[in-house]
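Peer 1: What would the 3D arrangement of this be:
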Amino acid sequence: MDLPHILFKPNVLVDTHILRSFESGSILKNLFGCILDSKRIKYHKVLPMLLADVYEAIGGVDLAVLDGTYLWHGAGDAPVRMNTVLVGRDAVAVETVGATLAGLDPHKMPVIQEFAKRGLGEACLENIKLVGTSFERLQERFISASKVQKKQRARGVAILKPGWSSESSL
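Peer 2: I've put the predicted structure just below:
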């Protein structure tokens, strides 16, 4: 498989993505875009191993930025405004924290587990040091916001998408 030659000589590689509750991940899944193959869908069956191979081949990610301005749950659901940004030098740790906040279990996410198995980053939440807001406080905000969204959805209340209003109802 071919990879872009520029990936092998960058000064700094910054990987950015939005925070979402997708089992295949955000930051680490982003590496799939590095593969120069118009028919890369064929790699989905081996995605965790492939992404870890790409990560190792390019020498890792220097800075991982997970934009949690909104949490995206999935198709059809409006995003939840969270005003959170996760940044770190360990892309696996950033992905682990983001996945947990999004309501996923990193221990059940094959991509995170493959990276952890290879020693490419920290996937154990207890070993990740957060600076700024405590994880517990962030988690409370995420749980609270998700509950509000579920109640609004149950009542049939429309939830505005980003950019439609300068105010947040949460």
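
Peer 1: and Ile41, what are its phi and psi?
Peer 2: phi -60, psi -30 (degrees, to the nearest 10).

Peer 1: what's around it, how many residues?
Peer 2: Ile41 has 8 neighbours, counted by other CB atoms under 10 Å. Using the backbone N, CA and C atoms, a C-beta is placed for each residue, glycine as well.

Peer 1: again with Pro110
Peer 2: Pro110 has 14 neighbours, counted by other CB under 10 Å.

Peer 1: quick one: least confident helix or strand in the protein?
Peer 2: Lowest on mean pLDDT, DSSP states H and E among the helices and strands of the chain sits helix 135-155, with a mean of 78.

Peer 1: Just the buried residues of stretch 123-132, please?
Peer 2: By neighbour count with 16 or more other CB atoms under 10 Å, stretch 123-132 contains the buried residues Ala123, Ile128.

Peer 1: And stretch 110-122, by the same measure?
Peer 2: Within stretch 110-122, the residues scored as buried using 16+ other CB under 10 Å are Val111, Ile112, Gln113, Glu114, Phe115, Ala116, Leu120, Gly121, Glu122.
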